Structure formats: structure tokens, C-alpha cells
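In: let's see this in three dimensions:
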Amino acid sequence: MAKKEISPETEAFIEEHAGDNVQTLALRAARYPKVNMATAIVQIAARQTARTKLPTWWETAGIRYPNHLSMEQCSSEVTARYKASLIPDELKGGSFTDLSGGFGVDFTCMAQGFSEATYVERQEELCALAEHNLPLLGLPHAQVVHADASKFLENLPPQSVIFIDPARRDLKGRKTVLISDCEPDISRLHTLLTGKAQRVIVKLSPMLDISLALEQLPNIREVHIVAVGGECKELLLVMEAEAQSAQARIVCTNLPTSTPATWPTPFCFTRQEEENTDYQIAPRIKHYLYEPNSVLMKAGAFRIVAAHYGVEKLHPNSHLYTSDQWVKEFPGRQFRVLAQGGFGKREVRELLDSVKKANLTVRNFPNSVADLRKKLKLAEGGEDYLFATTLAEGEKSWILCRKVTEPVGGDNV
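Out: Have a look, this model is predicted:
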């Protein structure tokens, strides 16, 4: 497969200006007539992105990078290595196929340890990059195939593991989140996929409704909701022919921004456990307030997290929790309550007399943040956090608090 060569002059320019501002370089293109400035800028910008997103790629000499969109869409190294951790040791040594190769980040991490590894991609330019990069990244035996995923799958021999990350943009480049809107449509291919591999790992948009995925795909063993630094990044489905989606385990993981020595302990549950769990509604706001992290919110782990950590919900639909004793292990933001009141004129006046600036959040409340901030004439920022929410009996309340990392005072010891 033909690959675009980079001239010695352009290569030297890339090395010399690796840390420079690419917009400034573009304006100075006329000064370097022997340099392919368009190519140089793509490579320099991508290397700068790779330094934090793909440190192994950045540290590996000779790597060629794709355009900005492909770099934006590719997995980070930490999420790619997490996906590799979903492959059991007993399946290693067999055959692995990635039907949506892209820049090859997921493929590079997941294919390690397989005797046969096949990268499939319909964009010829990305295939050429894979042929160049994969030997440098420890996969000289990988087979690169320029093909459409659906067509290639039809004639694919049995595999140990198949990975697929369907394209989530329409013909106009707009992002899509529904399974049926992705290309290829996994809801049409799931039987073929699970018939071809012992384990199928599917990456979907973190915006996808999990309940919808469990309804449309009948062979899901696990649903992994993956955040990096608190921000939801990926929704991963682990599918096997004998699995039943009604019994799927939901795995909530919040990863650090770089690959850890050991993976953090996830919070796991099933839909049935969530539905059958009893929890306590708080009769009052106590000393500490908790807001679940984005992974738990996405997973819908509202009842079970209350029972597991021994905290009480403020209201069935508010998804805020409280306790008198500090629960340090609670997965999310933790606050010490300073004051609380309703939205009567006197109570609001008392609040605004003491607070001029705060970080405002609404949960199960009729007004938006923007509307409420305008109404209260409250500036953004500072150390104070103000929650507007609904309590057990339906009363609307504000809760003023600050983040806590250690117990304060004697009521928690």
C-alpha cells in the first residue's frame, strides 16, 4: 500500500520545530520553500497532542500521524489500555481483529499477545499509516487490510476477539449517538459478530442510552462506562454468544489521565440490583453533601450507591446524598454543608447577604443555572458551592457548602 514519503528537509523541519506554535509556522511558510508546510504542520500539531494523549506514540521515534480529525477521534492511550484489560488471558495467543482500525491506538494496545492480529480500515491513508507505525510499536506481524468492516466480517474466519468502534458521524460530519445511526449498524450485525468471535468488544458514544443498548443487543455480558479524570469518555459493550443482556453487569470506572500501575476498583452492579435495592430518604440535610461522579450518573446507579455507601438521598429524583459522618470513599464530589434554606424572600436575602460569589448547580429544580444565577445576581466562582434542589417533601431548597478533603470540627470523629 503506497504511503506518502516525507522529504529529509520536511523531516528535519518537523524535528526542529516540534514544540512551536503551528499557526505561527503556517504564516512563515514562504521562508521554507523546500519544506512541505502542510505536512509539517499536521505532524507537529499531532505530536503535540500525542505528548499527553498518546505518550507511547510520542516517545516512539519515526511515528507518522494522521490529520486533526483522526487525532481528535482516536482513543487516548489510557482508555485503549483499559480496553485491552477486558481481554481474558485465556483468549490471548489466538486471533484478534479490529474492524475499525482508525489511527490504530486501540488496535496496538489490544493486539498485544495475539499470534494473529488483523487491522481493518476503509480509509486507505490510515491503512498506510498503520503499515508504517505498527512495526515500530511492537506489532510487525500485524496484517493491515483496506476493506469495509461489514463486507470483511462476512468472510472472516473464527476469532478469539473482535473489536469494533462504529463511525459516529453522518455524511455531513455531525456526531450521532444511536446504534442504528452508526456505521456499521451493530444492531444488524450482532448475531454475525458473536458467531464469529468468543468475545466481541464494541465502543459506542458515551451519550447512548444504556437501556436502549441492552434492549437492542441481546448478548451483552458487561457494560463498561469509562471516564477519564471525571469526564465520561467511552461506553464499551462486552458481548458473547451465550450472554443475556438482562443480566449484564454494569461496570463504572473513573480512570486517571495516564495509565496507572493498577486499574482503579470499579463500582459494579446489575439493573436488577439497582431496581431491588432499598434506600433511605433523608429527613433533613445533614453535615455532608455528595454528588455522584459522571460515571455513576450515566449508569443510573442511584439507589444502590446510597445503600452501598450508607448515605441518604435528598429526594428520589434529586440524586444528591447526605450524611452526618464523612464518607471519604464516596465516588464523586464531597462537600461540607455550611447553611441551608428555602426560596422565600427572607431566606434568599440572608443567603445573599453572606455570599456574593458561588459555583451554582441545580438538581431536580425548575430553574436552569443561568436563570437562577440571574435571579440571585450571584457571580460565578470562588470556594463556595451552592446547590438548588428539591427535598423529600417536595420543598425547594438551596444548600451552601464547600468541598471537603478532611473532616472539620468534632462532629465527624
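In: report the central residue of this structure.
Out: Nearest to the mean C-alpha position of the chain, by Cα atoms, centre = their mean, lies residue 233 at 1.3 Å.
In: check contacts around that residue.
Out: Contact analysis of residue 233 by Cβ atoms under 8 Å, 6 or more residues apart in numbering lists 76, 79, 206, 226-227. Just so you know, the C-beta spots here come from the backbone N, C-alpha and C atoms, and that holds for glycine as well.
In: burial measure for the nearest residue to residue 319 once chain neighbours are set aside, as a count.
Out: Using Cβ to Cβ, 6 or more residues apart in numbering and skipping the chain neighbours, the partner closest in space to residue 319 is residue 302 (5.6 Å). Using other Cβ atoms under 10 Å, the number of residues around residue 302 comes to 19.
In: for stretch 344-357, what is the average pLDDT?
Out: Average pLDDT, stretch 344-357: 88.
In: touching that stretch from outside, list them.
Out: Here stretch 344-357 makes contact (Cβ under 8 Å, 6+ apart) with 339, 341, 376-382, 384, 386, 398, 400.
In: still on that earlier bit, the residue nearest to the centre of the chain: what secondary structure?
Out: In three-state terms, and counting by DSSP: H, G, I helix; E, B strand; the rest coil, residue 233 is strand.
In: re the thing from before, just the buried subset of the contacts of stretch 344-357, please.
Out: Those of the contacts of stretch 344-357 that meet the buried threshold are 339, 376, 378, 384, 386, 398, 400, by 16 or more other Cβ atoms under 10 Å.
In: which strand residues bridge the fourth one?
Out: Under DSSP bridges, the beta-bridge partners of residue 384 are residue 402.
In: same question, the one 4 residues further on
Out: Under the criterion DSSP bridges, residue 388 forms beta bridges with residue 362, residue 398.
In: so it sits against residue 364, correct?
Out: No: between residue 388 and residue 364 there is no contact under Cβ atoms under 8 Å: 9.2 Å.
In: look at those two and report which has more neighbours.
Out: residue 388 (22 against 16).
In: output stretch 260-269 as PDB, nothing but the C-alphas.
Out: Output in PDB follows, covering the C-alpha atoms of stretch 260-269 (Å, rounded to 0.1, in the frame of the first residue of the first chain):
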ATOM      1  CA  PRO A 260      -1.900   3.600  36.300                       C
ATOM      2  CA  ALA A 261       0.200   0.700  37.600                       C
ATOM      3  CA  THR A 262      -3.100  -1.000  38.700                       C
ATOM      4  CA  TRP A 263      -6.600  -0.200  37.500                       C
ATOM      5  CA  PRO A 264      -8.900   1.600  40.000                       C
ATOM      6  CA  THR A 265     -11.500  -0.600  41.600                       C
ATOM      7  CA  PRO A 266     -14.800  -0.100  39.600                       C
ATOM      8  CA  PHE A 267     -18.300   0.200  41.000                       C
ATOM      9  CA  CYS A 268     -20.300  -2.800  39.600                       C
ATOM     10  CA  PHE A 269     -24.000  -3.600  39.700                       C
END
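In: for the chain, longest helix please?
Out: The single longest helix within the chain, with elements called by DSSP state H, is helix 37-53.
In: can I get the CA coordinates of it in PDB?
Out: C-alpha atoms of helix 37-53 as PDB (Å, rounded to 0.1, in the frame of the first residue of the first chain):
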ATOM      1  CA  MET A  37       4.500  23.000   5.300                       C
ATOM      2  CA  ALA A  38       1.000  21.400   5.200                       C
ATOM      3  CA  THR A  39       2.500  18.000   6.000                       C
ATOM      4  CA  ALA A  40       4.900  19.500   8.600                       C
ATOM      5  CA  ILE A  41       2.000  21.300  10.400                       C
ATOM      6  CA  VAL A  42      -0.100  18.200  10.600                       C
ATOM      7  CA  GLN A  43       2.800  16.200  12.100                       C
ATOM      8  CA  ILE A  44       3.800  18.900  14.500                       C
ATOM      9  CA  ALA A  45       0.300  19.500  15.800                       C
ATOM     10  CA  ALA A  46      -0.400  15.800  16.100                       C
ATOM     11  CA  ARG A  47       2.900  15.200  18.000                       C
ATOM     12  CA  GLN A  48       1.900  17.900  20.500                       C
ATOM     13  CA  THR A  49      -1.400  16.300  21.000                       C
ATOM     14  CA  ALA A  50       0.200  12.800  21.400                       C
ATOM     15  CA  ARG A  51       2.500  14.000  24.200                       C
ATOM     16  CA  THR A  52      -0.300  13.800  26.700                       C
ATOM     17  CA  LYS A  53      -2.900  11.700  24.800                       C
END
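In: which residue lies farthest from the center of this protein?
Out: residue 346 (43.3 Å).
In: for residue 97, give me its contacts.
Out: Residues near residue 97 by Cβ under 8 Å, 6+ apart: 117-118, 120, 156, 159, 161-163, 197.
In: next: residue 231.
Out: residue 294 are the contacts of residue 231 under Cβ under 8 Å, 6+ apart.
In: residue 364 versus that one, what's the distance?
Out: Going from residue 231 to residue 364 by Cβ to Cβ, to the nearest Å gives 22 Å.
In: over to residue 149?
Out: 42 Å.
In: repeat for residue 113
Out: Noted for residue 113: a distance of 47 Å to residue 364, by Cβ to Cβ.
In: hmm, residue 273 and the residue nearest to residue 319 touching each other?
Out: No: under the criterion of Cβ under 8 Å, residue 302 makes no contact with residue 273, lying 11.9 Å away.
In: now the strands for the stretch 101-250 of the chain?
Out: Per DSSP state E, counting those that start in this stretch, the stretch 101-250 of the chain carries strands over the ranges 116-121, 143-146, 159-164, 197-204, 220-228, 231-239, 249-255.
In: so how far is the fifth one off the chain centroid?
Out: When you say that, I think you mean strand 220-228. In terms of Cα atoms, centre = their mean, to the nearest Å, the gap separating the centre of strand 220-228 from the centre of its chain is 9 Å.
In: contacts for that strand?
Out: Contacts to strand 220-228, defined as Cβ under 8 Å, 6+ apart, come from residues 76, 78-79, 82, 86, 206, 210, 213-214, 232-240, 243, 245, 248-257, 293-295, 298-299.
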